[in-house]
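In: sequence and predicted structure, then a few things I'm wondering about:
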Amino acid sequence: MSAYKVSQAAFNDLVDIGAYTEQEWGVNQRDNYLDSIEDRFEVLTSNNEHPTIKDRSEISKRCFSSNINEHIIIFRKTKYGVRIIRVLHKRMDFMRHI
C-alpha cells in the first residue's frame, strides 16, 4: 500500500495555513480546509492519473504538483508512495520556495 510523508517545510506550511484559516474563517473552516488537503494527499498516493496532477520536471525528476482549493501541493513520487515537499498558496512563486 502506498503512503505519503510530509517534509518539515510542508508541515510548517500546513501550520501556517491552519492558523491563517482559523483567524479569518474560524475553527470549523480550518478543520475542513486542512482535511481536504490531507484527503488530497491520500488521493495522490493511489491515483497517478488524478486530473489535477501536473508534471514539474523543471523542478526535479519525479516532481509533480496538484492544485487543491487556493493551494498547490508540490510532491515527489517515491518508492513508498509520495513525499509532500511544500503546500503553497497558488499566488506564490513556488519555484522560489522549493
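Out: Perfect, thanks for sending it. Numbers count the residues shown, from 1 in each chain.
In: relative to Gly26, how far out is the residue positioned nearest the centre of the chain?
Out: By Cα atoms, centre = their mean, the chain has its centre lying nearest to Ile73, at 2.7 Å. Remark: distance between Ile73 and Gly26 (Cβ to Cβ, to the nearest Å) = 23 Å. (Glycine included, C-beta is placed from N, CA and C.)
In: tell me how far the helix or strand containing the residue nearest to the centre of the chain lies from the chain's centre.
Out: Following DSSP states H and E, one finds Ile73 within strand 71-77. Taking Cα atoms, centre = their mean, to the nearest Å, one finds the center of strand 71-77 at 5 Å from the center of the full chain.
In: who are the packing partners of it?
Out: Judged by 3 or more Cβ pairs under 8 Å, 6 or more residues apart in numbering; DSSP states H and E, the packing partners of strand 71-77 are helix 27-46, strand 63-68, strand 81-89.
In: what helices and strands are in contact with the last one?
Out: For strand 81-89, the contact count by 3+ Cβ pairs under 8 Å, 6+ apart identifies strand 3-6, helix 8-25, helix 27-46, strand 71-77, helix 94-97 as packing neighbours.
In: my guess is Phe41 contacts Ile84. True?
Out: Yes - if you go by Cβ atoms under 8 Å, Phe41 and Ile84 touch, sitting 6.2 Å apart.
In: any residues in contact with both of these two?
Out: Both Phe41 and Ile84 are contacted by 4, 6, 73, under the criterion Cβ atoms under 8 Å, 6 or more residues apart in numbering.
In: and the first one, what does it touch?
Out: Think Tyr4. Residues in contact with Tyr4 (Cβ under 8 Å, 6+ apart) are 41-42, 44-45, 75, 81-84.
In: and if we set it to 7 Å?
Out: Tyr4 sits next to 41, 44-45, 81-82, 84 when contact means Cβ atoms under 7 Å, 6 or more residues apart in numbering.
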